[in-house]
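Undergrad: Build me a model from this:
(2 chains, ligands or ions: 2)
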Amino acid sequence: MTELDSEPVLEVRDLHTHFFLRRGVVKAVDGVSFSLHKGEVLGLVGESGCGKSMTALSVMRLLPKGSARTVQGRVLLHGEDILTRSPREMREIRGSQISMILQDPQTSLNPVFTVGEQLREAIFHRTHGRNKDVMREAIEALRRVDIAAPEQRIGQFPHQMSGGMKQRVVGAIVMSGQPGVLIADEPTTALDVTIQLQYLKLLQRLQRETGMAILFITHDFGVVARMCDRVAVMYAGRIVECGTVEQVFENPSHPYTRALIASVPKMTGPIERLYTIEGQPPSLMDLPVGCRFAPRCPHAEQRCHDIYPPAFAVETGHDAHCWMLEAE
Amino acid sequence: MKRYIVHRLLQGVVLLCLVGTIVFFLGRLTGNPVDLMLPEDATPEDRVSMIKALGLDGPLYRQFFIFVGNALHGDLGMSIRMRQPATEAFFSRLPNTLAIIPWSILLAMGVGIPLGVIAALNRGNVLDRAAGTVAVLGVATPGFFLGILLIFVFSVELGWLPSGRMGGPEHYVLPVITLGAFLVAGFMRLVRSSMLEVMESEFVKLARIKGLSEWVVIWKHCLRNALIPVLTLWGVFVGNLITGAIITETVFAWPGVGRLTYEAVIFRDFPLLQAIIILKSILILSINLLVDILYAYVDPRIRLT
Ligand SMILES: Nc1ncnc2c1ncn2[C@@H]1O[C@H](COP(=O)(O)OP(=O)(O)OP(=O)(O)O)[C@@H](O)[C@H]1O
Ligand SMILES: [Mg+2]
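TA: Ligands and ions are numbered 1, 2, ... in the order given. Predicted coordinates:
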């Protein structure tokens, strides 16, 4: 499924997004680079607060107004930098070339409009078609995300639906413009376990049908194994390791990745004590100059504290930012 | 829905009974009104005959039952000054007040809502502060001052508009502005704060993800949600509206219920005042019920049960 040789559809280079607050600058995203290829699902994993959502919102250019700003970096969509686009051009791009599913389906839909209206609006915005055609397309869109009796559902308000169904409606809305790139920001975190699996399968099916590329944000390695082709591991505003799912699972090369994988409860074998990482991630207002994981790392040496490690190739298509890899 | 309305109506009746009782006893607590109404040189015989005429003889509870009995028949007593049933006086004046209130509310919403949205969109900068200043002026300028100022400028100095009394459309302009000014600030501040809250919502983010224009995002997705608290806090405006109407109608010699209230107080026409309070309560209760029904329409999550 992966086409690593093909041109990336989305390429993020050295992205820095900071919050400018009265008490200081929060470096939520501080030098993130990755690329997403056609038809590929790339997982972005990391602990809560490491900057996954802010990376996504920077790409969409939907950062909270006033406080947050992307101060450096490039976001190339089909080779063109969208950070330099005008707000108007950006609106044309959103929804039709790049789209996003938000974390919480309970709050993602506007409570005062019917789901039909919210879907109609998205479709009409692009097609300016006649109302009848738009409505037919809206019903079709709901059918595609496995909503039974879409003709009835279309007249309902969000509060009349379950969480899983709402998240499918959100999916129908954001994918109605057939975007080539979809960002899914923890789309199943707020759902019941049984519904989670259903939703993941739905996303997988839609991905195969449309061939869109997905940036799949999660903190769950189990979900990564199920959904993704490649995975990028993020820690304190930066990506520390990136490779195919097999590579990273079989040969995790950054101590943080290893710790993360070790902390996933195993389904097989006796129940062991869960591995947890000692210490806290650094404050994003006061980041260390060297490796950000060094204060928590069991292998840290002086150099780790002094100089940020560059990317070292572990194998083809797999690299990690850790000084331990230099010798090899 | 039907059950809800019936329930609310019953609630309203209970409330009205309470209001009626309080009004009745308050009226008696403030002393015998006869003393206030009689001229200085009245004889004791005058006094007795007046007490009889007003039904003020007999024990208090009997008076109360008579009052309740009459009230149930729609008779809220005679206005002392106007020598006319109080309800009749009220309802003959009501249309004049109703003739300005809707325009004032429309004006206040037409100015206050956009000001609130603009203030929220420009949070913290010059436009926000300018809108805030307008709002503060609206609250801080006493109504009679604004009314008199308007009369001075537009009637006395420029001679463009009449200074008072009812008449053609030009008579409405200044009273409507004066009464509207009472409400603008309330609308503005409420809309501003609820817009600020709504604009942070995830569904607003989703609207932008769809690629919708800022105009649609703000004036459709945000405003519709931001107006919900404005409706909920309708009660706050009713208070402003009543004070506003009394002051406006007094300044502009507008023959509505506001001015009638003022006159009833000034001339100590206690049966009239009593009737006005009860009738206004009925009006407010009905308006509140209407607003709640409207509220359920605006916010589909509310089910009236
Ligand atoms: N509105 C804000 N004001 C200030 N700082 C913020 C704000 N939103 C986020 N941050 C900071 O940005 C950092 C990254 O936040 P982000 O939402 O991207 O985390 P995340 O990786 O998506 O976490 P989660 O898994 O909890 O969603 C956080 O640690 C937080 O300190
Ligand atoms: Mg997040």
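
Undergrad: for the spatially most central residue of chain A, helix, strand, or coil?
TA: Averaging the C-alpha coordinates of chain A gives a centre point, and the residue nearest to it by Cα atoms, centre = their mean is A:I217 (3.1 Å). Following DSSP: H, G, I helix; E, B strand; the rest coil, the label given to A:I217 is strand.

Undergrad: Make sure it is actually in contact with A:T188.
TA: No: taking Cβ atoms under 8 Å as the definition, A:I217 is not a contact partner of A:T188, at 10.8 Å. Yep, even glycine has a C-beta here, placed from its N, CA and C like the rest.

Undergrad: before we move on, back to that, which ones are touching the residue nearest to the centre of chain A?
TA: Counting by Cβ atoms under 8 Å, 6 or more residues apart in numbering or on different chains, A:I217 touches A:G43, A:L44, A:V45, A:K52, A:S53, A:A56, A:I183, A:A184, A:D185, A:E186.

Undergrad: next helix or strand past the helix or strand hosting B:F144?
TA: Assigning secondary structure by DSSP states H and E places B:F144 in helix B:143-150. Per DSSP H and E, the first helix or strand lying C-terminal to helix B:143-150 is helix B:173-198.

Undergrad: got the buried residues for that next one?
TA: Across helix B:173-198, burial judged by 16 or more other Cβ atoms under 10 Å in any protein chain shown covers B:174-192, B:194-196, B:198.

Undergrad: in the chain, which ranges drop under the pLDDT threshold?
TA: Using chain A. Filtered on pLDDT under 70, chain A yields the residue ranges A:1-5, A:265-276, A:327-328.

Undergrad: switch to chain B, that's the one I care about
TA: Scanning chain B with the threshold set as pLDDT under 70 gives B:30-33, B:35-37, B:39-40, B:54-55, B:139, B:235-236, B:303-305.

Undergrad: Excluding sequence neighbours, find me the nearest residue to the residue of chain B found nearest chain A.
TA: Using Cβ to the nearest Cβ, the single residue of chain B nearest to chain A is B:G211, 3.6 Å away. What sits nearest to B:G211 in space, not counting adjacent residues and going by Cβ to Cβ, 6 or more residues apart in numbering or on different chains, is A:G95, at 3.6 Å.

Undergrad: any idea how far A:R292 is from that neighbour?
TA: Using Cβ to Cβ, to the nearest Å, we find A:G95 at a distance of 35 Å from A:R292.

Undergrad: what's across from A:R13 in the sheet?
TA: In this structure, A:R13 bridges to A:R74 when assessed by DSSP bridges.

Undergrad: just to revisit the earlier point, just checking, the residue of chain B closest to chain A touches A:G177?
TA: Yes: between B:G211 and A:G177 there is a contact under Cβ under 8 Å: 7.4 Å.

Undergrad: between the two, what contacts are shared?
TA: Common neighbours of B:G211 and A:G177 (criterion: Cβ under 8 Å, 6+ apart): A:G95, A:S96, A:A122, A:R126.

Undergrad: which ones are touching the third one?
TA: Going back to what we said before, that points to A:A122. Residues in contact with A:A122 (Cβ under 8 Å, 6+ apart) are A:G95, A:I173, A:V174, A:S176, A:G177, B:K210, B:G211, B:L212.

Undergrad: Roughly how far does it sit from ligand 1?
TA: As for A:A122, its distance to ligand 1 is 24 Å (criterion: Cβ to the nearest ligand atom, to the nearest Å).

Undergrad: check which helix or strand covers that residue.
TA: Applying DSSP H and E as the criterion places A:A122 in helix A:115-127.

Undergrad: can you check A:R69 too?
TA: Per DSSP H and E: A:R69 is located in strand A:68-77.

Undergrad: Show residues contacting that strand.
TA: Contacts for strand A:68-77 (Cβ under 8 Å, 6+ apart): A:8-20, A:28-29, A:31-32, A:54, A:57-59, A:61, A:63, A:81-83, A:93, A:97-98, A:181.

Undergrad: Check stretch B:112-121 too.
TA: The contact list for stretch B:112-121, computed with Cβ under 8 Å, 6+ apart, reads B:127-128, B:131-132, B:134-135, B:183-193, B:195-196, B:199, B:218-219, B:222-223, B:226-227, B:230.

Undergrad: So which residues of the stretch 151-300 of chain A form helices?
TA: With helices called from DSSP state H, counting those that start in this stretch, the stretch 151-300 of chain A shows them at A:163-175, A:193-210, A:221-227, A:245-250, A:255-262.

Undergrad: May I see the ones you listed arranged in CSV, with distance to chain B and mean neighbour count as well?
TA: Compiled in CSV, those are given as follows (distance: least, Cβ to the nearest Cβ, whole Å; neighbours: other Cβ atoms under 10 Å in any protein chain shown):
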stretch, distance to chain B, mean neighbour count
helix A:163-175, 6, 24
helix A:193-210, 16, 16
helix A:221-227, 21, 19
helix A:245-250, 27, 18
helix A:255-262, 27, 20
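
Undergrad: would a markdown table of the ones you listed with distance to A:L325 be doable?
TA: Putting the helices of the stretch 151-300 of chain A into a markdown table (distance: least, Cβ to Cβ, whole Å) gives the following:
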| stretch | distance to A:L325 |
| --- | --- |
| helix A:163-175 | 38 |
| helix A:193-210 | 32 |
| helix A:221-227 | 21 |
| helix A:245-250 | 13 |
| helix A:255-262 | 11 |
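
Undergrad: Can you say which of those helices is nearest to B:Q84?
TA: With Cβ to Cβ as the measure, helix A:163-175 is the member of the helices of the stretch 151-300 of chain A nearest B:Q84 (61.5 Å).

Undergrad: can you give me the angle the closest one makes with helix A:115-127?
TA: Counting by axes from the mean of the first three to the mean of the last three Cα atoms, to 10 degrees, helix A:163-175 lies at 10 degrees to helix A:115-127.

Undergrad: Please name every helix or strand in contact with helix A:163-175.
TA: strand A:98-101, helix A:105-108, helix A:115-127, helix A:131-144, helix A:193-210, helix B:202-209 (3 or more Cβ pairs under 8 Å, 6 or more residues apart in numbering or on different chains; DSSP states H and E).

Undergrad: do the first one and ligand 1 meet at all?
TA: No: using Cβ under 6 Å from any ligand atom, no contact is recorded between strand A:98-101 and ligand 1, whose separation bottoms out at 12.6 Å.

Undergrad: Packing partners of that strand?
TA: helix A:52-60, helix A:163-175, strand A:181-185.

Undergrad: Make TSV out of the ones you listed and add distance to B:G112.
TA: Formatted as TSV, the helices and strands packed on strand A:98-101 follow (distance: least, Cβ to Cβ, whole Å):
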stretch	distance to B:G112
helix A:52-60	33
helix A:163-175	33
strand A:181-185	37
